[in-house]
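Q: Quick one, structure for this:
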Amino acid sequence: MRWALVKVCVAVTTMVVVSFAVPLGLVIREMARDRAFSNAEREAAAIAPALSITTDRAQLEKVVASAGSDAGMAVHIPASDGAEAVDLGRQRAVGKDIATTRKLGRASTTEVPGGSTLLQPVALSSGEIAVVEVYVPESEVTNGVATAWAVLAGVGIALIVGSVAVADRLGVRMVQPAQRLVESAHELGEGKLGARVPEEGPTELRLAAVAFNSMADQVVQLLANERELAADLSHRLRTPLTVLRLNAASLGDGPAAEQTRAAVAQLEREVDTIIRTARDAKPQTAAIGVGAGCDAAEVVRERMDFWSALAEDEGRKVRVAGVDRPVRIPVARADLVASLDALLGNVFRHTAEGTAFAVDVHNGEDAVIVLVSDAGPGITDPEAAMARGGGSGSDGSTGLGLDIVRRLAESTGGDVRIGRSVLGGTEVRIWIQLDGREPERRGHRGSVRRRRSAKLVSTFNRPRSLP
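A: This next block holds a predicted model:
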């Protein structure tokens, strides 16, 4: 498109330059010719007064010499009253043309080798017609024409080059927004839903960019709504399933109790399979940009209110810290909700009733740490647990919960660590990077970042008492 615009501009400019330069060049040539013959007419007119007075050859030679044009001027006086004809100077015109001029009585021009001649009739006192011949060389006719044409050609080339530069700039101004629109459309088609187009350029492309961004926002919103709906459904299913599992565990022995427990376990496996399949089939829907993300403190308070009711029924002590002020993180709300529910669901699923747990949030300069701790037996092999988070499904775990948490942390450049909590059980640390960079860097800035990380972790590892 850019080169097509340049070609069109060059063609149009060339046509305009040619349409003006060619006629102007012809006019300049005619003006030079007219100037040369006007000078010749003035020279011929300078001889006319002398011819009207005398036809003496000696006198006329002096007049022609004084005019300074004896090399290019000739005088032809016809014979009369017994006087012989007089021819002064070099004759270049043929006798026929001289006779015709004398007969017609008006000036004429004729082509001769090396240029042209002006034949000017002059009336003598005897009534005869003399003819003054003035030679006009071709160099005088074309004097200055080549220079003028060169100037016109230079101006024309400058105009064409200027039009190419202007067309190129206009083409860039039009093509670059169009290319960005195409690239963003490809990115959106590949599942990169954070792709947006700068709203700049010509009006039409700016409106197209606005429409594209609006469409992309709508797509992101629709997919986010689907994810929230799936997450909400999973939350609604997991909580009753947890209650059913706890109630089934208290049924005692017997075929009916075993069948109930087996049915609950089978239902949990089916729900895990459905949720895993839904997550694997969906692209990342979080939009990247200013304002994207959620308030981690608000999400933690909301989910802890949800799980506190079940914790109260089971006699579990609960502690929440670090949620008294907003904590913005670059994570979609639905993803953080799913991660917290997965970890808290694991606490209820894998620890006994009455086991305390806590959720701590700390907002650092470049990262946010979320700690989920419990007072259970702990995890003897954290590496194997993280492997299950990769989806191995060993030891009776589907790996869904840790996989959700791991993906959330890694999407920001952070990570997930499993260790021993101050409560005596498991501690899952979610490191959420705020600037999208890796939590550890080489060099001085990396050392500062590692010291901050160690300081944050040590702060959370201080003993705390549960209410």
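Q: where along this protein do the helices fall?
A: 2-53, 57-67, 95-104, 138-141, 145-189, 203-249, 255-281, 296-313, 333-350, 382-389, 400-410, 443-460 (DSSP state H).
Q: Distance to L371 for these - can I get that in TSV?
A: Backbone N, C-alpha and C define where each C-beta goes, glycine included. Compiled in TSV, the helices of the chain are given as follows (distance: least, C-beta to C-beta, whole Å):
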stretch	distance to L371
helix 2-53	55
helix 57-67	116
helix 95-104	117
helix 138-141	100
helix 145-189	36
helix 203-249	21
helix 255-281	24
helix 296-313	11
helix 333-350	10
helix 382-389	15
helix 400-410	12
helix 443-460	5
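Q: what about V220, distance to S411?
A: Distance of V220 to S411, computed by C-beta to C-beta, to the nearest Å: 15 Å.
Q: So which of the two has more stuff around it?
A: Set side by side, V220 and S411 show more neighbours around V220, with 20 against 17, by other C-beta atoms under 10 Å.
Q: For that one, report the pLDDT, please.
A: Note on V220: pLDDT of 81.
Q: Same check on R388?
A: With respect to pLDDT, R388 has a value of 53.
Q: my guess is R319 contacts A358, does it?
A: Yes. Contact criterion C-beta atoms under 8 Å: R319 and A358 qualify, at 4.0 Å.
Q: Counting neighbours, go ahead and name the busier of these two.
A: A358 (23 against 16).
Q: That one contacts R316, doesn't it?
A: No. With contact defined as C-beta under 8 Å, A358 does not reach R316; the gap is 10.4 Å.
Q: circling back: ranking the helices of the chain by burial, who's on top?
A: Ranked by mean neighbour count, those are led by helix 333-350 with a mean of 22 (mean count of other C-beta atoms under 10 Å).
Q: Tabulate the CA atom coordinates of it in PDB.
A: Written as PDB, here are the backbone C-alpha positions of helix 333-350 (Å, rounded to 0.1, in the frame of the first residue of the first chain):
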ATOM      1  CA  ARG A 333      -9.900 -12.100  39.800                       C
ATOM      2  CA  ALA A 334     -11.300 -15.400  38.700                       C
ATOM      3  CA  ASP A 335      -7.800 -16.900  38.600                       C
ATOM      4  CA  LEU A 336      -7.000 -15.800  42.200                       C
ATOM      5  CA  VAL A 337     -10.300 -17.000  43.400                       C
ATOM      6  CA  ALA A 338      -9.700 -20.400  41.800                       C
ATOM      7  CA  SER A 339      -6.200 -20.600  43.400                       C
ATOM      8  CA  LEU A 340      -7.300 -19.700  46.900                       C
ATOM      9  CA  ASP A 341     -10.200 -22.100  46.800                       C
ATOM     10  CA  ALA A 342      -7.900 -24.900  45.500                       C
ATOM     11  CA  LEU A 343      -5.500 -24.400  48.400                       C
ATOM     12  CA  LEU A 344      -8.200 -24.000  51.100                       C
ATOM     13  CA  GLY A 345     -10.000 -27.000  49.700                       C
ATOM     14  CA  ASN A 346      -6.800 -29.000  50.100                       C
ATOM     15  CA  VAL A 347      -6.600 -27.900  53.700                       C
ATOM     16  CA  PHE A 348     -10.100 -29.200  54.400                       C
ATOM     17  CA  ARG A 349      -9.600 -32.300  52.300                       C
ATOM     18  CA  HIS A 350      -6.100 -33.400  53.700                       C
END
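Q: list the helices and strands that helix packs on?
A: When contacts are defined as 3 or more C-beta pairs under 8 Å, 6 or more residues apart in numbering; DSSP states H and E, helix 333-350 packs onto helix 203-249, helix 296-313, strand 357-363, strand 367-374, helix 400-410.
Q: and the longest one with helix 296-313, angle?
A: Orientation note: helix 203-249 sits at an angle of 20 degrees relative to helix 296-313 (axes from the mean of the first three to the mean of the last three C-alpha atoms, to 10 degrees).
Q: which intervals of the stretch 251-400 of the chain have sub-threshold pLDDT?
A: 273-292, 387-400 (pLDDT under 70).
Q: still on that earlier bit, can you check which of the helices of the chain gets nearest to I129?
A: I129 lies closest to helix 95-104 among the helices of the chain, at 4.6 Å (C-beta to C-beta).
Q: related to what we said a few turns ago, would you format the helices and strands packed on helix 333-350 as JSON lines with distance to V22 included?
A: As requested, those are exported to JSON lines (distance: least, C-beta to C-beta, whole Å):
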{"stretch": "helix 203-249", "distance to V22": "38"}
{"stretch": "helix 296-313", "distance to V22": "76"}
{"stretch": "strand 357-363", "distance to V22": "76"}
{"stretch": "strand 367-374", "distance to V22": "73"}
{"stretch": "helix 400-410", "distance to V22": "71"}
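Q: Out of those, which is closest to D435?
A: For D435, the closest of these is strand 367-374, at 8.6 Å, according to C-beta to C-beta.
Q: That closest one pairs with which strands, parallel or anti?
A: If you go by DSSP bridges, strand 367-374 pairs up with strand 357-363 (antiparallel), strand 426-433 (antiparallel).
Q: Residues in contact with the last one: which ones?
A: Translated: strand 426-433. For strand 426-433, the surrounding residues in contact (C-beta atoms under 8 Å, 6 or more residues apart in numbering) are 296, 329-331, 339, 343, 366-374, 376, 378-379, 405, 408-409, 412-421, 439, 453, 457, 460.
Q: how much does that strand deviate in direction from helix 333-350?
A: 170 degrees.
Q: Just the CA trace of stretch 247-261, in CSV.
A: In CSV, the C-alpha atoms belonging to stretch 247-261 read as follows (Å, rounded to 0.1, in the frame of the first residue of the first chain):
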residue,chain,number,x,y,z
ASN,A,247,-20.3,-36.5,56.5
ALA,A,248,-19.6,-39.8,54.7
ALA,A,249,-16.5,-40.3,56.8
SER,A,250,-18.7,-40.1,59.9
LEU,A,251,-21.2,-42.8,58.7
GLY,A,252,-19.1,-45.6,60.1
ASP,A,253,-18.8,-49.0,58.6
GLY,A,254,-21.2,-50.9,56.4
PRO,A,255,-21.9,-51.5,52.7
ALA,A,256,-24.1,-48.3,52.4
ALA,A,257,-21.4,-46.1,54.0
GLU,A,258,-18.7,-47.6,51.8
GLN,A,259,-20.9,-47.1,48.7
THR,A,260,-21.6,-43.5,49.8
ARG,A,261,-17.9,-42.8,50.3
